[in-house]
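Undergrad: here is the input, now give the coordinates:
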Amino acid sequence: MFYEAEDVIREIRNPISYGCEGKTRKRAENEVQAESQLLDQAYVVFERYQKRKKLFAELRSIKYRFMAAFGIQAGEPFTELDRILGKIFSSARMLGTHYWQRQGRVTMSEEAFQKHLDEMYKHEAVFWWTGDEEDRIDSRMRNVINQVEKVTKITVEKSSVMSVRLPNPLKKR
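TA: So this is what the prediction gives:
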């Protein structure tokens with residue numbers, strides 16, 4: 001399920017968007033079309049998440065059983081996955097309501113504009129998946145998977161050894 005979550009997070013962050021995406025967002029009464037387009041663009045990650053939220057709900061539901069089986073520290077990958085999703089959602093909100101909205105509409109000094117761009121690019125790096133090896137969200141998800149693999153490795157290996165040694169009672173002799 002963590003491997004699937006990694007793929008789903010890439011889907012959620014995919015920079016390719018279709019014209020119909022983001023349109024389920026509830027609009028404010030006084031929104032102008034240009035504002036709606038930017039807010040809809042940021043809302044795409046929320047819509048994509050909603051389509052795949054069952055996976056994340058299932059992961060959350062097994063967290064405590066996983067901890068009971070492997071120890072309290074085994075809950076960390078689940079917590080980190082929630083942090084990653086929170087970071088993506090937070091960046092989406094910031095981009096839609098702050099950075100993209102202010103771009104070209106608010107007068108800023110050169111220094112303030114550069115700071116604005118730098119912070120906007122940081123949020124965009126979270127919001128969009130580029131497939132780059134240095135993608136921070138991908139790196140964090142790889143770390144989550146490594147943690148899960150490390151915790152479960154011994155059990156999986158023991159299970160494999162046990163299944164090889166034990167005769168299958170359903171097998172005809």
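Undergrad: now residue 32: phi and psi?
TA: The phi/psi pair for residue 32 (degrees, to the nearest 10) reads phi -90, psi 160.
Undergrad: repeat that for residue 78.
TA: Note on residue 78: backbone dihedrals following degrees, to the nearest 10 are phi -70, psi -40.
Undergrad: touching, residue 10 and residue 129? I think so.
TA: Yes. Between residue 10 and residue 129 there is a contact under Cβ atoms under 8 Å: 5.0 Å. (Each C-beta comes from the backbone N, C-alpha and C, glycine too.)
Undergrad: what sits in contact with each of these two?
TA: Shared contacts of residue 10 and residue 129 (Cβ atoms under 8 Å, 6 or more residues apart in numbering): residue 138.
Undergrad: look at the two and report which has more neighbours.
TA: residue 129 (18 against 15; other Cβ atoms under 10 Å).
Undergrad: any idea how far residue 121 is from the more buried one?
TA: In this view, residue 129 and residue 121 are 15 Å apart by Cβ to Cβ, to the nearest Å.
Undergrad: same check on residue 96?
TA: 15 Å.
Undergrad: pLDDT below threshold where in the chain?
TA: Applying pLDDT under 70 to the chain picks out residues 99-104, 155-173.
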